[in-house]
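[1] With the input below, show me the fold.
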Amino acid sequence: MTQEFNPDVIIIGSGVGGGSVARQLVGSGAKILIIERGDFVPNEPENSDAEAVYSQRRYRTHEEYQDEAGNRYRPSQYYYVGGHTKWYGTAMFRFRERDFNEVGHEDGVSPAWPISYNDLEPWYDEAERVFGVRGQAGTDPTDPPRSAGYVHEAVPHEPLIAEMAEKLARQGLRPFPNPVAIDLGPGGSCRRCGSCDAFACRYGAKGDGETRLIRPILNHPDVHLWTKAQVTRLIPAPDGRIAAVEVLRDGQLIAVKAPTVVLSAGAINSALILLRSANEAYPDGIANRSGVVGRYLMNHHLTGLVGLMPFRVNETKFTKTMAINDFYHGLPGDSGARGNIQMLANLKGPMIRSNIPWMSKRMADAVARHSVDWLCMSEDLPRPESRVRLLQDDSVEVAYHPGGLAAHNRFVRHVRGHLRKIFPVVLHRPSGIKGPVHQCGTIRMGNDPATSALNDLCQSYDHPNLHVVDASFFPSSAALNPALTVCAQALRVGAHLRNAWRESRLL
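    The predicted structure follows:
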């Protein structure tokens, strides 16, 4: 780093958490250094090529994790500017009011958050504006109170999805427009290319961390972005503050100093950085007096449902316009089985074969053409034995013990029953931790430093100049896509840091 630029804030990671904090700090006078392990996603035809993305795994990390039995695998981790939102499906939900409270489940407890829905509501509103979320307030039967409606109208259904919504409504369900962060509408940049969910957008139409958070601030003189720079550990000072950040850049290890450090590397990698920072004073890792760092790993229970139409081709380009929350708080007569239903993007042959290797290319392509694809999502419960940890050779072990899986399976069976009234055949395929989706909870926040690592502003109880702002701060997972909640809390934390910085400048 050149001598003339000495950062006031180091932000580790350029995804939704880190990008939102950076956005709030711009203009405060603070000099900001964003350190990103990866590079920008190259704009190339392979971005929307399912064979390249799924069969060749062109953009996935080459590192390996292992499970408790020692089986090694290549995780679905992507290291690029904008983080995992470069590949997400654009769904942007607010958590429900109840999701912030303690909720009992049949095999565990979803703990209360140290903040309420009301604390986040104004930040949810801002997050929706920042990401350009399109939706329709008042149509989701579980929608929490809002101070304002969506700025952008909901994306209308294409004909087949409209037909699905009508058929489900005739069964007594209440489909509503899925809130999505996509520039699809009059004058928008979306070209309806048919490759959105699980693909990087070549046209800047997806509301992702790069497009909505990082790109708009890069020309500001107080913002510097390092790409292809991996943070290896944090270095604490004797007084407990983080004295420096160790970075591997251009083949060299360097120590970078700043008064404030924001860690936003994702639920797994943020925990690994803290654990790798262990020393004589902190033998269990940085920010880990409570022992929770790396523990309570959650990963939404996700099951894909494929409704087959043998005599009809699904020509829908953008499917993710419908969701159903009628069972978010439980099924009739079974309150434990609960969750969200939303559309998946149209499956493509290579996507199917990546999960079902024995299926022939011809069969997978046929299934993809003649199917309408759905996602059932249920809450995973935090368990201390579900954890990410470092082994002696610095390899990574992910031990996953899901909570609430039996209830999720009952929820899926109920949803399949509804879909079988529409389709002659409904296939299903569960996801798992080896293809992690919505992982969270490894550096939980809470009111008690004995049982949590962070306070309600994501500040470390052990290190006052360290904040951890990504989905790792979640005490519970809820059963909705996490990106908007990460953004809302990051905007809240960023506003706090901005005000603190300005006040310190006035002293």
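[2] Do you have the helices of this structure handy? List them.
    16-25, 50, 117-131, 159-170, 209, 267-276, 349-355, 361-369, 405-419, 483-506 (DSSP state H).
[3] Give the other helices and strands that the second one contacts.
    Meaning helix 50. helix 349-355 (3 or more CB pairs under 8 Å, 6 or more residues apart in numbering; DSSP states H and E). (Glycine included, C-beta is placed from N, CA and C.)
[4] Tell me the buried residues in the helix it packs on?
    The neighbour-count criterion (16 or more other CB atoms under 10 Å) identifies Gly349, Pro350, Met351, Ile352, Arg353, Ser354 as the buried residues of helix 349-355.
[5] distance between it and the chain's centre?
    Its chain's C-alpha centre lies 22 Å from the corresponding centre of helix 349-355 when counted by CA atoms, centre = their mean, to the nearest Å.
[6] ditto for stretch 423-437
    Here stretch 423-437 shows a centroid-to-chain-centroid distance of 18 Å under the convention CA atoms, centre = their mean.
[7] Can you give me the end-to-end span of stretch 299-317?
    Start to finish, the residues bounding stretch 299-317 are 28 Å apart (CA to CA, to the nearest Å).
[8] Run through the stretch 1-150 of the chain and note the low-pLDDT ranges.
    Across the stretch 1-150 of the chain, the ranges flagged by pLDDT under 70 are 1-5.
[9] ok so, going back, dump the helices of the chain to JSON lines, plus distance to Val247.
    Rendered in JSON lines, the data for the helices of the chain read as follows (distance: least, CB to CB, whole Å):
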{"stretch": "helix 16-25", "distance to Val247": "15"}
{"stretch": "helix 50", "distance to Val247": "35"}
{"stretch": "helix 117-131", "distance to Val247": "28"}
{"stretch": "helix 159-170", "distance to Val247": "46"}
{"stretch": "helix 209", "distance to Val247": "20"}
{"stretch": "helix 267-276", "distance to Val247": "11"}
{"stretch": "helix 349-355", "distance to Val247": "34"}
{"stretch": "helix 361-369", "distance to Val247": "42"}
{"stretch": "helix 405-419", "distance to Val247": "39"}
{"stretch": "helix 483-506", "distance to Val247": "21"}
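[10] just so I know, which of those helices lies nearest Arg338?
    Using CB to CB as the measure, helix 405-419 is the one of these that comes nearest Arg338, at 6.3 Å.
[11] Which strands and helices lie in contact with the closest one?
    Secondary structure elements in contact with helix 405-419, counted by 3+ CB pairs under 8 Å, 6+ apart, are strand 301-308, strand 371-378, strand 425-430.
[12] winner for burial among those?
    strand 371-378 (a mean of 26; mean count of other CB atoms under 10 Å).
[13] Name every strand pairing with that one and say which way it goes.
    Sheet pairing here is set by DSSP bridges, and for strand 371-378 it gives strand 301-308 (antiparallel), strand 340-343 (antiparallel).
[14] Save those as TSV, and put in distance to Ala364 and mean pLDDT too.
    Rendered in TSV, the data for the strands paired with strand 371-378 read as follows (distance: least, CB to CB, whole Å; pLDDT from 0 to 100):
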stretch	distance to Ala364	mean pLDDT
strand 301-308	11	95
strand 340-343	20	97
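[15] okay, those in CSV with distance to Leu391 next?
    What follows is the strands paired with strand 371-378, written out as CSV (distance: least, CB to CB, whole Å):
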stretch, distance to Leu391
strand 301-308, 27
strand 340-343, 35
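[16] Nearest to Val133, out of the ones you listed?
    strand 340-343 (14.3 Å).
[17] For the closest one, which outside residues touch it?
    When contacts are taken as CB atoms under 8 Å, 6 or more residues apart in numbering, the neighbours of strand 340-343 outside the stretch itself are 91, 93, 161, 178, 319-325, 327-328, 372-378, 415, 479-480.
[18] Which of the helices of the chain sits closest to Glu153?
    Closest approach to Glu153 among these is made by helix 117-131 (12.8 Å; CB to CB).
[19] pull the CA atoms of the closest one into CSV?
    Extracted as CSV, the C-alpha positions of helix 117-131 are listed here (Å, rounded to 0.1, in the frame of the first residue of the first chain):
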residue,chain,number,x,y,z
TYR,A,117,-38.0,-6.1,13.6
ASN,A,118,-38.8,-2.5,14.5
ASP,A,119,-35.1,-1.8,15.0
LEU,A,120,-34.4,-3.0,11.4
GLU,A,121,-37.6,-1.7,9.7
PRO,A,122,-36.2,1.6,8.5
TRP,A,123,-33.1,-0.1,7.3
TYR,A,124,-35.1,-2.7,5.5
ASP,A,125,-36.8,0.2,3.7
GLU,A,126,-33.4,1.7,2.7
ALA,A,127,-32.0,-1.7,1.7
GLU,A,128,-34.9,-2.2,-0.7
ARG,A,129,-34.2,1.1,-2.3
VAL,A,130,-30.5,0.5,-2.6
PHE,A,131,-31.0,-2.9,-4.3
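[20] Mind giving me the packing neighbours of that helix?
    Helix 117-131 sits against helix 16-25, helix 483-506, with contacts defined as 3+ CB pairs under 8 Å, 6+ apart.
[21] Leu466 touches Ile242, doesn't it?
    Yes. In this structure, Leu466 sits in contact with Ile242. The criterion is CB atoms under 8 Å, and the distance is 5.0 Å.
[22] Give me the common contacts of these two.
    When contacts are counted by CB under 8 Å, 6+ apart, the set common to Leu466 and Ile242 consists of Leu234, Val261, Ile286.
[23] what about the second one, how many neighbours?
    Per other CB atoms under 10 Å, the neighbour tally for Val261 reads 25.
[24] For beta bridges, what are the partners of it?
    Val261 has these beta-bridge partners by DSSP bridges: Ile10, Leu466.
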